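# model this:
(one chain, ligands or ions: 1)
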Amino acid sequence: MKKDEKKCPICNGEKEQGKVTFTVDLGTNLIVIRETPATVCSLCGEEWISDETAENIEAVVREAKMKNRMIEVVNFSLESVA
Ligand SMILES: [Zn+2]
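Now for the predicted structure:
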């Protein structure tokens, strides 16, 4: 494990927990995922997401692809998916 996980590897700034809007451009479809939990650098704005979050994003993308809309805007939470 890395020793300096709380420091940004790019600018050495402080990392903070936050929420970001994550955009996935599939070429034909654009999927915008709001309220995505992420770690954000307070200095340069670089964003990191956890493996768990990345898996959830994949699930959201799969769901959105099936709807086949040009632009799909969803919240990160999958709770509303029937
Ligand atoms: Zn930074």
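# contacts, neighbours, all on C-alpha from now
Noted.
# tell me which stretches of this structure form helices.
51-67 (DSSP state H).
# low pLDDT regions in the chain?
Scanning the chain for pLDDT under 70 picks out the ranges 1-4, 78-82.
# run a quick neighbour tally on E16.
16 (other C-alpha atoms under 10 Å).
# hmm, V40 and it touching each other?
Yes - E16 is in contact with V40 according to C-alpha atoms under 8 Å; the separation is 5.2 Å.
# quick check: residues of this protein near the ion?
Taking C-alpha under 5 Å from the ion as the measure of proximity, the chain contacts the ion at C8, C11, G13, C41, C44.
# ok, now which ones touch the second one?
Under the criterion of C-alpha atoms under 8 Å, 6 or more residues apart in numbering, the contact partners of C11 comprise L43, C44.
# one more time with 10 Å
Residues near C11 by C-alpha atoms under 10 Å, 6 or more residues apart in numbering: C41, S42, L43, C44, G45, E46.
# then the third one?
G13 makes contacts with K6, K7, V40, C41, S42, L43, C44, G45, E46, as judged by C-alpha under 10 Å, 6+ apart.
# how close does it get to K7?
Distance, G13 to K7, using C-alpha to C-alpha, to the nearest Å: 6 Å.
# give the residues shared as contacts by these two.
With C-alpha under 10 Å, 6+ apart as the test, G13 and K7 both reach C41.
# before we move on, the earlier item: just the buried residues of the contacts of C11.
Buried subset of these (neighbour count, 16 or more other C-alpha atoms under 10 Å): C41, S42, E46.
# quick check: nearest residue in space to the last one, chain neighbours excluded?
This points to E46. Closest residue to E46 in three dimensions, ignoring its sequence neighbours and counting by C-alpha to C-alpha, 6 or more residues apart in numbering: V40, at 5.7 Å.
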